[in-house]
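Undergrad: Here's my sequence, what's the structure:
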Amino acid sequence: MSEVTEFLVWRSALAETPRRLRSLVTNLSEQSAAVVERMVRRDVESVAHLGALLDVDASLTPLPPATDPVSEFAAGRERLLALLAVVDGSSLHREMRLADRRTLDPWRLAGELAEHDVRSLAELRRLGQGR
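TA: Got it, this is the predicted structure:
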């Protein structure tokens, strides 16, 4: 599979996560709220990194007020997806070095975030949040 195809598959999976999260979470225990809040923080970090990679000020788009962590996640994910939508062949591998010395590009970011989503949703299932 080409890297462009992988990126599109990951972007599609990232778009599905808010729906999956809503269907999975029936009520938030303290532990499950912590998982969702970790997902929110990861998306905020990803938006900042992606904005820097694409030379876009991602902070200009205000987020609607969140009524709960799941809604906050969904709103933040929309911002991330809007940035991922402008990634093209010329920016797919635009790189930056993170503070921990890792290299990040939009392709890696999408893949790592999709993997983080899968792990987080699995953790929520283990915590008994499934229907």
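Undergrad: Please count neighbours and contacts with C-alpha atoms only from this point.
TA: OK.
Undergrad: Can you pull out the low-pLDDT segments for this structure?
TA: Scanning the chain for pLDDT under 70 picks out the ranges 58-66, 129-131.
Undergrad: in it, which spans are helices?
TA: Taking DSSP state H, the helices of the chain run over residues 3-24, 30-54, 69-84, 106-126.
Undergrad: Out of those, which gets nearest to Met96?
TA: Ranking these by proximity to Met96 (C-alpha to C-alpha) places helix 30-54 first, at 6.6 Å.
Undergrad: Outside of the closest one itself, list whatever touches it.
TA: Contact partners of helix 30-54, identified using C-alpha atoms under 8 Å, 6 or more residues apart in numbering, comprise 57-59, 69-70, 72-73, 76-77, 79-80, 83-84, 87, 91, 94-96, 105-106, 109, 113, 116-117, 120, 123-124, 127, 129.
Undergrad: tell me which residues in that helix are buried?
TA: Residues of helix 30-54 classed as buried: 32-33, 35-40, 42-44, 46-51, 53-54 (neighbour count, 16 or more other C-alpha atoms under 10 Å).
Undergrad: Would you mind getting the angle between it and helix 69-84?
TA: Here helix 30-54 points in a direction 20 degrees away from that of helix 69-84 (axes from the mean of the first three to the mean of the last three C-alpha atoms, to 10 degrees).
Undergrad: quick one on the thing from earlier: give me the buried subset of the contacts of helix 30-54.
TA: 58, 69-70, 72-73, 76-77, 79-80, 83-84, 87, 94-96, 105-106, 109, 113, 116-117, 120, 124, 129.
Undergrad: ok, Val35 to Val56 distance?
TA: Distance, Val35 to Val56, using C-alpha to C-alpha, to the nearest Å: 28 Å.
Undergrad: List the residues that contact Gly128.
TA: Taking C-alpha under 8 Å, 6+ apart as the test, Gly128 contacts no residue whatsoever.
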